[in-house]
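1. What would the 3D arrangement of this be:
(one chain, ligands or ions: 1)
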Amino acid sequence: MGARIVGTGSHLPEKQLTNADLERLVDTSDEWIVQRTGIRTRHVLEDCEIPSEMSVDAGARAIENAGLSPRDVDLLLIATNFPDMICPGSAPFIAEGLGLAEAPFFDLKAGCSGFVYGLAVADGLIRSELYQRVLLIGAEALSRVTDWTDRQTCVLFGDGAGAAVLEPGGDDEGILGAALYADAKKSLLLHMPSGGTRAPATSESVAGNDHFLKMEGSGVFRNAAPMMEKATHDALDVAGLDLGDVDWIIPHQANVRIIDALIRRLDVPADRVITNLERVANTSTASIPIALDEALRDGTIRRGDVVVMTAFGAGVTYGAVVVRI
Ligand code: UT7
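-> Numbers count the residues shown, from 1 in each chain. So this is what the prediction gives:
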């Protein structure tokens, strides 16, 4: 028996940064950002806010939505690339904030594909009967690692968290298929040069902005749609389904042009593809669970629908999961 999603939740910080706000920070324009990315605004943390608190709120909503209490969770997985602290990560702070009993927890780092990877990991652990109820959260505080003087990256990102509770499902429901991939040769397309153990932070690295996210935008762009296309087809093959069986596709929300390219490659109707990046921007691992939670809450996705979630990101990693909700 695979895992089914029994509750979802999400959290977006209250503060918003519009394209007009960014025009005052760097040499850019609303027109350029909308045309090249599809993004109009994004949510960002206030300086005084703690990133893992987004996950605590999203997680609490998912647990409540599932009709459960925090003590019912027997494993916490937090997919994030930029934890509250490199050690011990984000998981302990989230577990404490949620009041989880003694459930084990760990951070899972798989670029923007983290939530998709996390769904496959949770499914495997539930199938193996190691755990019954997994709380999977995708969360990112990208504003804290964004170079706000770099117009090539600062217009793209936002902060947020999304969560899902998974438990054993019945026949033909829940996670029906998954396909995960990676290409290590492309590891530096997206990276943070300093602050890890290879190049610990020094006054020089901080002065050189090396503790911010660096990205080779066009390299990422070229790979994104083909990777998500392959992963989608392969996950559907594993599920024994084809695109005609799919009700909704939730792609990683990075750039509307990448999503349009994916729609053309898959040859699916655009109105079957869920997007929210216009008002949320790229929230990395949080993008898919936020979009999933919003679409479930507004009734777009209904019980019984077949949903493909597909992502790509730093690593590079990519993958897709097919779920009957
Ligand atoms: O989750 C995964 C993370 N990352 C991504 O998914 C990003 C994937 N990549 C992209 O979305 C796109 O490559 C970008 C949106 C980052 C850039 O779009 P692009 O169409 O590839 O633009 P470009 O990098 O080729 O730049 C075109 C021009 C350049 O000027 P010149 O050299 O032609 O004079 C840039 O300097 O646009 C300029 N530019 C900007 N202009 C105004 C770059 N950023 C900006 C900006 N505002 N914010």
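2. Give the next helix or strand downstream of the longest helix anywhere in the chain.
-> Criterion DSSP state H: the longest helix present in the chain is helix 217-239. Once helix 217-239 ends, the next helix or strand along the chain (criterion: DSSP states H and E) is strand 248-251.
3. any idea how this protein splits into domains?
-> 3-173, 175-324 (automatic domain parsing).
4. Quote the end-to-end distance of the first one.
-> I take that to be domain 3-173. For domain 3-173, the first and last residues are 8 Å from each other (CA to CA, to the nearest Å).
5. ok, back up a step: so how far is the longest helix of the chain off the chain centroid?
-> 15 Å (CA atoms, centre = their mean, to the nearest Å).
6. which residues are contacting it?
-> Defining contact as CB atoms under 8 Å, 6 or more residues apart in numbering, one finds that helix 217-239 is touched by 152-153, 176-181, 183, 186, 189-190, 242-243, 245-246, 249, 251-252, 254-255, 257-258, 261-262, 265-266, 308, 310-312, 316, 318-322. Backbone N, C-alpha and C define where each C-beta goes, glycine included.
7. following the helix or strand harbouring R61, which helix or strand comes up?
-> Using DSSP H and E, R61 falls within helix 51-65. Downstream of helix 51-65, the next assigned helix or strand under DSSP H and E is strand 75-79.
8. Pull the number of nearby residues for the closest residue to L125 other than its chain neighbours.
-> The shortest distance from L125 to any non-neighbouring residue, by CB to CB, 6 or more residues apart in numbering, is to Y131 (5.0 Å). A total of 19 residues lie near Y131 under the criterion other CB atoms under 10 Å.
9. I'd like the distance between the residue nearest the centre of the chain and H43.
-> Closest to where the C-alpha atoms of the chain average out (CA atoms, centre = their mean) is T285, at 2.1 Å. Distance, T285 to H43, by CB to CB, to the nearest Å: 15 Å.
10. Then F212?
-> 19 Å.
11. and if you look at V268?
-> Taking CB to CB, one finds V268 at 29 Å from H43.
12. What of F105?
-> 25 Å.
13. Can you name the residue of the stretch 1-150 of the chain nearest the ligand?
-> T28 (3.3 Å; CB to the nearest ligand atom).
14. secondary structure class for that residue?
-> What DSSP: H, G, I helix; E, B strand; the rest coil gives for T28 is coil.
15. The residue nearest to the centre of the chain contacts A139, correct?
-> Yes: here T285 reaches A139: they are 6.6 Å apart, a contact under CB atoms under 8 Å.
16. Then I258 would be within a helix, right?
-> Yes: per three-state DSSP, I258 lies within a helix segment.
17. What is the burial count for it?
-> By other CB under 10 Å, neighbour count at I258 equals 24.
18. hey, where'd the strands end up in this structure?
-> 3-11, 16-18, 41-43, 75-79, 105-108, 134-141, 159-168, 174-182, 190-191, 214-215, 248-251, 306-313, 317-324 (DSSP state E).
19. Mind giving me the packing neighbours of the fifth one?
-> Okay, so that is strand 105-108. strand 75-79, helix 91-98, helix 114-127 (3 or more CB pairs under 8 Å, 6 or more residues apart in numbering; DSSP states H and E).
20. and if you look at the last one?
-> In terms of contacts (3+ CB pairs under 8 Å, 6+ apart), strand 317-324 is packed against strand 3-11, helix 114-127, strand 174-182, helix 217-239, strand 306-313.
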